[in-house]
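Asks: quick check, what structure comes out for this input:
(chains A and B)
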There are 2 protein chains.
Amino acid sequence: MKVKQYKDVELKTEKEAKGAGIRWLLSERDGMTDMAMRVIEIEAGGQTPHHAHPWEHQVFVLKGTGRVIAEGETQKFGPGSAIFVGPNEEHTFHNDSDETMEFVCMIPVRATSAYDH
Amino acid sequence: MKVKQYKDVELKTEKEAKGAGIRWLLSERDGMTDMAMRVIEIEAGGQTPHHAHPWEHQVFVLKGTGRVIAEGETQKFGPGSAIFVGPNEEHTFHNDSDETMEFVCMIPVRATSAYDH
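Replies: Take a look at the predicted model:
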């Protein structure tokens, strides 16, 4: 068992992102074999890179309101939204609120080597 | 892509649990292939069953303070805590606060057939 407070985990700047950072809460370094948990933070007006990858995302929104754009479709979200982005969907998250957006973002642990973490 | 508000997803009573319920936000029914996302709610003074299973849990706490007991070890948690419970660890979550506890709980999608959802 491990318990961490998310604010105690370093916030790293996301490369190729406008005003976005990431906290790697739980990954293979903690003994995970299936899933990795991160918290993504996006400044007011910021966004994540528009990109695609062969693994799915599952997101739970903690703070802020915005839009997710995937495969040309746009949906709004806010605190308490659960979001699924499927494998290979081109996607980006925009913070349209005037506060820092925070959301939990899960990926399969086999995909973590694609990230600088 | 799918976006759901967690409060719009039915709260089902957890069998063999004292004052606990579960919302199945995202699972294989939504096209997930890797992970399933649920929100667990525990009433004040309630707890989840003390049990073990061969898959890991990853938890992010939204509301309430309490204890997780795994393999005889106890750790406290509160809003913003990220918790990992490893495969086959006997574990239970207790709500020690006077409000309904809410946490996001992830499992591998291959494990969902073990649950009534």
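Asks: now do the contacts for the closest residue to A:Glu14 other than its chain neighbours.
Replies: Distances taken as CB to CB, 6 or more residues apart in numbering or on different chains place A:Ala20 nearest to A:Glu14, at 4.2 Å, with adjacent residues excluded. (C-beta placed from N, C-alpha, C; glycine too.) Counting by CB atoms under 8 Å, 6 or more residues apart in numbering or on different chains, A:Ala20 touches A:13-14, A:40-43, A:46-48.
Asks: before we move on, what about A:Lys15?
Replies: Applying CB under 8 Å, 6+ apart, the residues contacting A:Lys15 are A:Asp116.
Asks: for it, give me phi and psi.
Replies: phi -70, psi 150 (degrees, to the nearest 10).
Asks: swap in A:Asp30?
Replies: phi -100, psi 0.
Asks: residue contacts, it?
Replies: A:2, B:84.
Asks: spell out the secondary structure type for A:Arg110.
Replies: Using DSSP: H, G, I helix; E, B strand; the rest coil, the structure places A:Arg110 in helix.
Asks: find the residue ranges of chain A scoring beneath the pLDDT cut-off.
Replies: Along chain A, the model assigns pLDDT under 70 to no residue.
Asks: so how far is the longest strand belonging to chain A off the chain centroid?
Replies: Using DSSP state E to define each element, chain A has its longest strand at strand A:35-47. Mean C-alpha position of strand A:35-47 versus that of the full chain (CA atoms, centre = their mean, to the nearest Å) differs by 4 Å.
Asks: counting contacts, what elements does that strand pack onto?
Replies: Where contact means 3 or more CB pairs under 8 Å, 6 or more residues apart in numbering or on different chains; DSSP states H and E, strand A:35-47 is packed against strand A:18-26, strand A:91-95, strand A:101-108, strand B:57-63, strand B:101-108.
Asks: before we move on, the earlier item: and of the contacts of A:Ala20, the nearest to B:Tyr115?
Replies: Ranked by distance to B:Tyr115 (CB to CB), the contacts of A:Ala20 are led by A:Ile40 at 27.8 Å.
Asks: sorry, back to before: could I get the buried residue list for the longest strand of chain A?
Replies: A:35-43, A:46-47 (16 or more other CB atoms under 10 Å in any protein chain shown).
Asks: would JSON lines of these with distance to A:Leu62 be doable?
Replies: Putting the buried residues of strand A:35-47 into JSON lines (distance: CB to CB, whole Å) gives the following:
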{"residue": "A:Met35", "distance to A:Leu62": "18"}
{"residue": "A:Ala36", "distance to A:Leu62": "17"}
{"residue": "A:Met37", "distance to A:Leu62": "13"}
{"residue": "A:Arg38", "distance to A:Leu62": "12"}
{"residue": "A:Val39", "distance to A:Leu62": "8"}
{"residue": "A:Ile40", "distance to A:Leu62": "10"}
{"residue": "A:Glu41", "distance to A:Leu62": "9"}
{"residue": "A:Ile42", "distance to A:Leu62": "12"}
{"residue": "A:Glu43", "distance to A:Leu62": "15"}
{"residue": "A:Gly46", "distance to A:Leu62": "16"}
{"residue": "A:Gln47", "distance to A:Leu62": "17"}
